[in-house]
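K.L.:
My questions concern the predicted model and sequence given below.
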Amino acid sequence: YDYIRTRLTKEKLAARQDHTMWRYRELLPVEEDTPNTPLRVGWSPLYEEPRLAEQLGLKRLWVKDDGQNPTASLKDRASAMAVAKAREAGAKVIACSSTGNAASSLAGNAAAAGLKTYIFVPSRAPKGKVAQLMTFGATVISVQGSYEETFELSKQAIDRWGWYNRNAAINPYLSEGKKTVALEIMEQLSWQVPDYIAISVGDGCTIAGLWKGLKDLYAIGFIDRLPRLISAQAEGCCPINRAIAENKPWEPMEENTLADSIAVGVPRNADKALTAIRESDGIVVNVSDQEIMAAQQLLGRTCGVFGEPAGVTGAAGVKKLCEQGVIGKDDTVVSVVTGNGLKDVANAIKAAGEPISIPSDMDRLLAALFLEKFSDPRNDSLPFSDDIGESSFHKERDYRSGYGEEAGRSSGKGLLGPVSRRHRAFLTFPAQII
């Protein structure tokens, strides 16, 4: 660290035009002549979110959107480091096992560098992530089993054929790539340390890397204190948090959560993660799948940030801790979104619902918007007068109650066509209620 202090200053860093993770080369374990990886990894936006902070009762809140990386997740940081080290080793093939994001990030970064990849994923991996793998030209092996079984098969294959190993449990360089998210957060905050940094936790490598980056900055004098970490896991798969809460060694768990990227029942970096949480005097919080999906909607509607379920688990944890009074109103918090919502559109649609579907007809539009106004309290300024919307609504109700045209009665579609569940109840209201 003394040597790094002589090579890197805040002023020197501020003058750099390289806005990627490689701007922090002095803090990264690569040779001086190792070229930057081709894709632009890192320097994702850090948004201050006053509306969400006010809603949660916080002094200040920032959201770090790492879903803006090239393959749409924080894992690009680890994979870029893996590609750089594979090049240094003269490797031509890289392999890994993954629940999805590590796989797609490796496939994309390796493809850009001209390297071949073999990727092992559990069969439950979302199609959006598998589509990325196939598009990037990876050889994809979908394993009919758990993540643990997928990992073991990849390990056997790597040992047999001598491929460069990108698995976080084996390769210590990966957390060095992930630590750049901490370096960026602190630089983007002008080196002013928040009280908490929240992040979702699965295998444990990400939170370990986050903590390593913070400790590096403290060691070279760039920050004068360390934040507390918030480790957020899904209730259905929380072996690391359970170990902290019960103050005992971690034990395997079933992988019962829709947040596939953190559904890791046998975490391979558990010891590093546990150390990071304990050293930071951190907090652990487990959230249900329902709380995760609610956080996805909350971030989307207040911040315009679309995160996948695992990506917003940290935000779900922050919300829960605020509601419990664990995080105080004068505290400052950074929540890291680790993956983009387009990774898992199926669950996003389940949470958000289907769009309004109507033919090209103004009466049907008016009826639909009238229903929308009553079914969602945020829609108190829809662009039509209540009497016009009400008239169209009554037409729609009459169609469905048997007083409209024969076509409407027989089809059950009325003016609106197929109607969403949240609208259906309004169509059964007696006329006097309206």
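P.N.:
Okay, I see it.
K.L.:
Contacts only, for residue 7.
P.N.:
The contact partners of residue 7, taken as CB atoms under 8 Å, 6 or more residues apart in numbering, are residue 26. Backbone N, C-alpha and C define where each C-beta goes, glycine included.
K.L.:
gap between it and residue 312?
P.N.:
37 Å (CB to CB, to the nearest Å).
K.L.:
What segments of the stretch 101-250 of the chain are helices?
P.N.:
For the stretch 101-250 of the chain, the helices defined by DSSP state H, counting those that start in this stretch occupy 101-113, 127-135, 147-161, 173-178, 180-188, 205-219, 239-246.
K.L.:
Redo those helices as JSON lines? Include distance to residue 356.
P.N.:
Listed next are the helices of the stretch 101-250 of the chain as JSON lines, based on distance: least, CB to CB, whole Å:
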{"stretch": "helix 101-113", "distance to residue 356": "32"}
{"stretch": "helix 127-135", "distance to residue 356": "24"}
{"stretch": "helix 147-161", "distance to residue 356": "38"}
{"stretch": "helix 173-178", "distance to residue 356": "41"}
{"stretch": "helix 180-188", "distance to residue 356": "38"}
{"stretch": "helix 205-219", "distance to residue 356": "38"}
{"stretch": "helix 239-246", "distance to residue 356": "40"}
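K.L.:
Which stretch among those helices is buried most, on average?
P.N.:
Across these, averaging neighbours per residue (mean count of other CB atoms under 10 Å) puts helix 101-113 on top, at a mean of 28.
K.L.:
So the residue nearest to the spatial centre of the chain versus residue 72, what's the distance?
P.N.:
In the chain, the centroid-proximal residue (CA atoms, centre = their mean) is residue 311; its distance is 1.4 Å. Relative to residue 72, residue 311 is positioned 9 Å away (CB to CB).
K.L.:
tell me, what's touching these two both at once?
P.N.:
339-340, 343.
K.L.:
now these: which count as buried?
P.N.:
The neighbour count (16 or more other CB atoms under 10 Å) marks 339-340, 343 as buried among the shared contacts of residue 311 and residue 72.
K.L.:
shaky segments in the chain?
P.N.:
By pLDDT under 70, the weakly predicted segments of the chain are 373-434.
K.L.:
Where do the strands of it begin and end?
P.N.:
Secondary structure of the chain by DSSP state E: the strands cover 46-48, 60-65, 93-97, 116-122, 139-143, 164-165, 196-200, 228-234, 283-287, 332-337.
K.L.:
Any chance of a markdown table for the ones you listed, columns mean neighbour count and distance to residue 158?
P.N.:
Listed next are these as a markdown table, based on neighbours: other CB atoms under 10 Å; distance: least, CB to CB, whole Å:
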| stretch | mean neighbour count | distance to residue 158 |
| --- | --- | --- |
| strand 46-48 | 16 | 36 |
| strand 60-65 | 24 | 32 |
| strand 93-97 | 26 | 5 |
| strand 116-122 | 24 | 8 |
| strand 139-143 | 16 | 12 |
| strand 164-165 | 22 | 5 |
| strand 196-200 | 29 | 26 |
| strand 228-234 | 27 | 27 |
| strand 283-287 | 22 | 32 |
| strand 332-337 | 28 | 29 |
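K.L.:
could you dump those strands to a markdown table with distance to residue 354?
P.N.:
Formatted as a markdown table, the strands of the chain follow (distance: least, CB to CB, whole Å):
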| stretch | distance to residue 354 |
| --- | --- |
| strand 46-48 | 28 |
| strand 60-65 | 26 |
| strand 93-97 | 35 |
| strand 116-122 | 28 |
| strand 139-143 | 29 |
| strand 164-165 | 43 |
| strand 196-200 | 27 |
| strand 228-234 | 25 |
| strand 283-287 | 25 |
| strand 332-337 | 24 |
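K.L.:
and residue 1, how many neighbours does it have?
P.N.:
By the criterion of other CB atoms under 10 Å, residue 1 has 11 neighbours.
K.L.:
any idea how far the residue nearest to it when sequence neighbours are not counted lies from residue 4?
P.N.:
Nearest residue to residue 1 in three dimensions, chain neighbours excluded: residue 219, at 4.4 Å (CB to CB, 6 or more residues apart in numbering). For residue 219, the distance to residue 4 equals 8 Å [CB to CB].
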